[in-house]
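In: What follows is a predicted structure for the sequence shown.
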Amino acid sequence: MSIDEARSAIVRGEIRPLELVIALFERIDALEERVGAYVSLTRENALSRARQAEDDLKQNAGKALTGIPLAIKDNICTEGIKTTCSSKILENFIPPYESSVTQRLKSEGYILIGKTNLDEFAMGSSTENSAFGLTKNPWDFERVPGGSSGGSAAAVASDECIAALGSDTGGSIRQPAAFCGVVGLKPTYGRVSRYGLVAFASSLDQIGPITKNVRDSAILMNIISGHDPYDSTSADMPASDFTSGLGQEIKGLKIGIPKEYFIEGLDKEVENSVKEAIKKLESLGGIPVEISLPHTEYAVAAYYILATSEASSNLARYDGVKYGLRSDGEDLIDMYMRTRDEGFGAEVKRRIILGTYALSSGYYDAYYKKAQQVRTLIKEDFEKAFENVDVIVTPTTPTPAFKIGEKIEDPLQMYLTDIFTLSVNLAGVPGISIPCGFTSRNLPVGLQIIGKHFDEESILKVAYAYEQATDWHKKKPNI
Amino acid sequence: MQYEAVIGLEIHAQLLTDTKIFCGCSTRFGSEPNTQTCPVCIGMPGVLPVMNEKAIGYVVKTGLALNCEIPSLSRFARKNYFYPDLPKGYQISQYELPLCGEGYIEISVNNSRKKIGLTRIHLEEDAGKNIHEGGGNESLVDLNRAGVPLMEIVTEPDIRSPGEAVEFMKKLRSIVRYICVCDGNMEEGSLRCDANVSIRPVGEAELGVKTEIKNLNSFRFVEKALDYEIRRQVKALNDGVRIIQETRLWNPEKSITESMRSKEEAHDYRYFPDPDLVPIELDKSWIEEIKEGIGELPDARRERFIKEYNLPEQDADLLTAEKAVAEWFEQAVKSGGDPKTASNWIKGDLAKLLNEENRQISESLLTPKHLVEMLALIDKGTISGKIAKTVFEEMYKTGKDADAIVKEKCLVQISDEAGIEKIVDEILNNNPEEVERFRAGEAKLMGFFVGQVMKETKGKANPKIVNELLREKLS
C-alpha cells in the first residue's frame, strides 16, 4: 500500500490507522527475521500515535500523513528514540531533540514504525557495515539490499512500511532503491534540512524519500523540503508543490544520455533495461540527446577524498567524553583510542584514516584542494549539459544487487558500485532512481533521472510519466 | 652583543553578545557548570551551527576601529584537534579569508607615536573548561563557555619591548571597551593574550627563532613574562645554547616561562572550510552602518580634550583611556565645572576612592552633577578646599549632594571675620613663646598658628581670612 492509497483508504474510512499499524507489525513480525530492515521498532509509540490519529480523524480529515506509518533511517535523530547510526559507538544514544525532517513529518501526523538499518554512519554500499546485523534484499535473500539506506529500501520493498526516509551522500538512497526495485529520490543539496541528520560528509549529505511509487516521493518531498533556519546550507526558496507536475506530458523534453555512463563494466542486462527505458521515454515524446560529462572518470577519486575528509572531522565528536560508548583507558589519550577502536567498525576507521591523511599539512593541496577543483569541473559538466537538455538519464548502478560478502573484502570494488550516483552529489543536483526492469535472475534494475539544481519537478514528471507507462513498480518480491 | 626583542601578540577577546556564536545559549559568566548548554554547543550528533550575525558585526566594528581592511568575502574553517573541552573535536574558526585584514594601532612610546601593525582579525568559538578538582583520577568538563564568540587579533612582529606590549594591550583594551564589543576583563578571561618572542642582534634584519608564550592574563604578567623570556633567550645565546621553536607557558607562581611542547609536538590542525556554514558576503552598506556606530575613539577624544578644554596631555591621556571616565568628565564640564579642576578631582580623589574598592566609575554613587555643585560651594566660599575633600568622600560613599552633607555635618566655612579674630587673639595670647620666636624670624611657625586656629574651628575657618588676620596681628 502506498501513502496515496493508505491516505485515501483512511479518509474514506476503509481502514483505521490502528488496523494499518497492527497489520504492518504483523508483517514485520513475519518477515523481519529474514529481511532485517530495522535496527529498532517503535511498537508502543506507533500504537499510541495510531490511537491519537484516530481521535484526530474524528474531529477532521487530518493532515497529509495522519495515520501513515513510515520508517526512518537510523542516522536521523528522533527525540527520545534511540538513534544508533548502526554503530557501536552510539548503541545507546537517545537524542534529546528531533531532526527538522521528522519534526515536519510529525506536524503532518506521521506514525514512526521503526528506525532502519544502514552501513555504519552511512558509509557503505551494501548495509553490510552495520554493527547490528545484515539487511537482506527482499528479491533474493542471498543478496545485499544496497546501501547505505539498505534498511529503508528493504522495508519499503518488502511492505514492512508504507514509505521511508533515507539519506544520500554518494548514492545511498538511489543505489539501494535500484537494488530493491523501489523509488528513491536524492533532492538538490540544500532542498531538505540536514538538522538532525548525523553528518557523514556535510557538503554531500541530503535526506530524501524512498517510496513505492513516484507520487509518494513527491508527497513526502512536499513535506520535508524547504528552508530551515537551523541549517545554514538549506536554501531559502519558495515552497514547491512537487505533485503538480505529475501527469504532465513529456513531449519535446530533451533527455540527455551521457556516453561516459555506458561503459565497460556495465552489466549487459542492466544496459538493455536502461536502453529499453530510454526508448519508452522516446515513445512518450521525449527526445534523447547524446551528451558528454567529460570529468566523470575522476568522480570516484574526488568523492572519496572529499567525503572522507569531511567525515574524519565530523566523527571526531565521538570521543567517549559526552555521550555514547566510553571505554576505560589509562589516561585521556588511551581512553580516546580504546573508545574509538572499540566503537567504530573497519570501514569507518578506514575512511577516518583516509580523510585525516588527505587533510594533513603538506598533503592538503595535492588531495583536498585538487579534489575540490575536480568537484567544480564536475559541477560545470552538469551545468553545460543542462544548457541543452532538460534531464539526464543513466543506469543507477552498473550491476544489479550483488551477493552478500561478494565485495565487502574489496573496498575499491565496493566504491565502484556508486560510480553512477556520486557525481550527482558532487554537483549538488537532484536525482531519482525508479524501477525499469528485471534481470533474468529476477533482480530489479534502476533508472536514474538527474535534474537541474532545484528542478525536482522535471525529474518527478519524467519519472511519473515512465511509471504510468510501465508496470515495473507494481511487481513485488515473492516473500 | 646587543640584542633587540621582536614581539608579536595574539589576543583573544570574548565578544559581548548575549548569546553564543552558533546557538541561542546565554554567554553569561560564572553560572553553574553546564547550565548554559544545548545540543548545538555540546556537539550532539546531527546538530548544525547557525551564525550569530551580531558577532560578525562586532568583529567588523573592531576591524574598522583598528584601521583594518574589510574584505567583502569571508569564510569559516574547522580547526581539528581532540580535547575534552572541545565538544565537536574541532573548533569552528577562520583560516583563509578572515573577517578583517591588515590594520594598525597607534601607541605612545617615549612621547612619540608608534604604529603596531595588525595582520588580521578573525572570529571563532571559545572552548569549554576542564575542571580538575578533588585530586582524583577524574576531570570534569564545563561547557558553559563552549561556543562563546571569540575574536582573535594577530599583530605583526612590530613590538620591541615588554613595555610596548603592555602599552599595546592597554590601548587595545581601551578601544574594544569604547566600541562595546568586549568587556576587556583579563581576570575573567574575556581578554587573553599569547606572545611570540624572538631576539636578534641590533641591526640584524633576519628574525631569530621564536617561542610562543601562553597564559598571560594580566598586563603585569605580559610585562613580566616577556621580560623573563627575553632575558632567558639572551642568556641562552650568550651561553651558546640554541633557542628552539616551542610553546612555553607562563608560570605566575615561579615567575618563569616553562616549556610546554616543541614544534615537533605541535598539532596538525588540518584546517579546511567548514561545509556547515556558507561563506559570509559582507554588504557594503552594512559595513557603512557599522562604521557610523563606532563613535569617537580614544585618540580622537584625547586630541579634542586637549584642544577643546585646554588640558595638559597627561590629563587628556588619563581621562580618555576609559570611555566612561571621559563621559563622566564631559558631563561635569557641561554642568558648568571648570575642566582642569574637574580633571584634578577625577584623576586624584575619585580615582583613589574607586581604586580602593576596585570599582568602575560607572558604579560610583557620586555623579558629575555632585562634583560641580561641590565646586560651586568652594567658589562661593561656603566650604574650603580642604573640607571639600571630606565632602567629596562623603558624596562618594552616600550619593548625597554636597549641600546636604555640608548642612548635615555642619561643615560650613566660618568666614565671619570678627568671630575668627576672637579665636586668633585667644591662640596668640595662649602661645606667647611661639609669638616671640615668630617675631624673631622663625617664619615657619605660621603653619603652627594656622593649625591651631583650624583645630579650634574644626577646620571650618576660612583659611584666607585666618592667614590675613595672623599676618596682620603678628607683624
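Out: Arrived safely.
In: Now do the contacts for the residue nearest the centre of chain A.
Out: Per CA atoms, centre = their mean, the C-alpha nearest to the average position across chain A is that of A:Ile173, at 2.1 Å. Contacts for A:Ile173 (CB atoms under 8 Å, 6 or more residues apart in numbering or on different chains) come out as A:Ser149, A:Ser152, A:Ala153, A:Gly166, A:Ser167, A:Gly184, A:Leu185, A:Lys186, A:Gly208, A:Ile210, A:Ser433. (Glycine included, C-beta is placed from N, CA and C.)
In: Summarise which helices and strands the longest strand seen in chain B is packed against.
Out: Longest strand in chain B, counting residues (DSSP state E): strand B:112-125. Strand B:112-125 makes packing contacts with helix B:53-65, strand B:90-93, strand B:103-109, strand B:149-155, helix B:162-178 when contacts are defined by 3 or more CB pairs under 8 Å, 6 or more residues apart in numbering or on different chains; DSSP states H and E.
In: next structured bit after it?
Out: Sequence-wise, the next helix or strand downstream of strand B:112-125 (DSSP states H and E) is strand B:129-131.
In: contact partners of that next one?
Out: With contact meaning CB under 8 Å, 6+ apart, strand B:129-131 is reached by B:Pro33, B:Tyr83, B:Pro84, B:Asp85, B:Ser139, B:Leu140, B:Val141, B:Asp142, B:Asn144, B:Arg145.
In: Does the very next helix or strand once past it reach chain A?
Out: Next helix or strand after strand B:129-131 toward the C-terminus (DSSP H and E): strand B:140-142. Yes - residues of strand B:140-142 contacting chain A under CB under 8 Å from any CB of the partner chain: B:Val141.
In: Strand B:140-142: partners in the sheet, and parallel or antiparallel?
Out: As defined by DSSP bridges, the strand partners of strand B:140-142 come to strand B:129-131 (antiparallel).
In: Mind picking the two most distant members of the contacts of A:Ile173?
Out: Taking CB to CB, the two most distant members of the contacts of A:Ile173 are A:Ser167 and A:Ser433; they sit 14.5 Å apart.
In: Compare neighbour counts for the two and give me the winner.
Out: Higher neighbour count among A:Ser167 and A:Ser433: A:Ser433, with 37 against 26, using other CB atoms under 10 Å in any protein chain shown.
In: part of a strand, is the more buried one?
Out: Yes - A:Ser433: assigned to a strand according to DSSP: H, G, I helix; E, B strand; the rest coil.
In: wait, isn't it in contact with A:Ala177?
Out: Yes - here A:Ser433 reaches A:Ala177: they are 4.5 Å apart, a contact under CB atoms under 8 Å.
In: where does the stretch 51-200 of chain B come near chain A, residue by residue?
Out: Proximity of the stretch 51-200 of chain B to chain A, by CB under 8 Å from any CB, involves residues B:Met51, B:Arg78, B:Asn80, B:Phe82, B:Pro84, B:Pro87, B:Lys88, B:Gly89, B:Tyr90, B:Val141.
In: Find the nearest non-adjacent residue to the second one, please.
Out: Counting by CB to CB, 6 or more residues apart in numbering or on different chains, B:Arg78 lies nearest to B:Tyr90, which is 4.2 Å off, once chain neighbours are set aside.
In: tell me the pLDDT at that neighbour?
Out: According to the prediction, B:Tyr90 has pLDDT 98.
In: hang on, the earlier thing: the contacts of A:Ile173 in helices, which ones?
Out: A:Ser152, A:Ala153 (DSSP state H).
In: which one of the residues of the stretch 51-200 of chain B next to chain A is nearest chain A?
Out: Nearest to chain A among these, counting by CB to the nearest CB, is B:Gly89 at 2.4 Å.
In: got the contact list for that closest one?
Out: Applying CB under 8 Å, 6+ apart, we find B:Gly89 in contact with A:Ser313, A:Leu315, A:Ala316, A:Arg317, A:Asp319, B:Gly43, B:Asn80, B:Tyr81, B:Phe82.
In: how close does the nearest residue to it once chain neighbours are set aside sit to B:Asn80?
Out: Once flanking residues are discounted, B:Gly89 sits nearest to A:Ala316: 2.4 Å by CB to CB, 6+ apart. For A:Ala316, the distance to B:Asn80 (CB to CB, to the nearest Å) stands at 6 Å.
In: what helix or strand is the residue of chain A positioned farthest from its centre on?
Out: Within chain A, A:Glu330 marks the point farthest from the mean C-alpha position, 40.7 Å out by CA atoms, centre = their mean. Assigned by DSSP H and E, A:Glu330 belongs to no helix or strand.
In: need the contact list for it.
Out: By CB under 8 Å, 6+ apart, the contact list for A:Glu330 is empty.
In: ok, which stretches of chain A are strands?
Out: For chain A, the strands defined by DSSP E occupy A:38-41, A:69-73, A:111-116, A:163-168, A:183-186, A:206-211, A:254-258, A:287-291, A:391-395, A:431-438, A:444-450.
In: residues contacting residue 228?
Out: Went with chain A since none was named. Residues in contact with A:Asp228 (CB under 8 Å, 6+ apart) are A:Ser100, A:Ser193, A:Tyr195, A:Ser234.
In: wrong one, chain B
Out: Per CB under 8 Å, 6+ apart, neighbours of B:Tyr228: B:Ser255, B:Ile256, B:Thr257.
In: quick one: pLDDT of the second one?
Out: Per-residue pLDDT puts B:Ile256 at 94.
In: secondary structure element for the residue lying closest to it once chain neighbours are set aside?
Out: Using CB to CB, 6+ apart and skipping residues adjacent in sequence, the residue nearest B:Ile256 is B:Tyr228, 5.8 Å away. Take DSSP H and E as the rule and B:Tyr228 turns out to sit in helix B:219-238.
In: Give the next helix or strand downstream of that helix.
Out: Where DSSP H and E defines the elements, the next helix or strand beyond helix B:219-238 is strand B:246-251.
In: returning to what we had before: could you say which of the strands of chain A is packed most deeply?
Out: strand A:183-186 (a mean of 34; mean count of other CB atoms under 10 Å in any protein chain shown).
In: so what strands line up beside it?
Out: Sheet partners by DSSP bridges: for strand A:183-186, these are strand A:206-211 (antiparallel), strand A:431-438 (antiparallel).
In: Let me see the contact set for the closest residue to A:Asp216 other than its chain neighbours.
Out: Spatial nearest neighbour of A:Asp216, excluding adjacent residues (CB to CB, 6+ apart): A:Ile3 at 4.4 Å. By CB under 8 Å, 6+ apart, the contact set of A:Ile3 is A:Leu65, A:Ile68, A:Ile162, A:Ala163, A:Thr211, A:Arg215, A:Asp216, A:Ile219, A:Leu220.
In: Please tell me how far A:Ile3 sits from A:Ile10.
Out: Applying CB to CB, the value for A:Ile3 to A:Ile10 is 10 Å.
In: likewise B:Glu223?
Out: 77 Å.
In: Between the two, which is the more surrounded one?
Out: Neighbours per residue (other CB under 10 Å) separate B:Glu223 from A:Ile10, with A:Ile10 holding more: 22 against 17.
In: Now mean neighbour count too, for the helices and strands packed on strand B:112-125, in JSON lines please.
Out: As requested, the helices and strands packed on strand B:112-125 are exported to JSON lines (neighbours: other CB atoms under 10 Å in any protein chain shown):
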{"stretch": "helix B:53-65", "mean neighbour count": "22"}
{"stretch": "strand B:90-93", "mean neighbour count": "21"}
{"stretch": "strand B:103-109", "mean neighbour count": "19"}
{"stretch": "strand B:149-155", "mean neighbour count": "23"}
{"stretch": "helix B:162-178", "mean neighbour count": "21"}
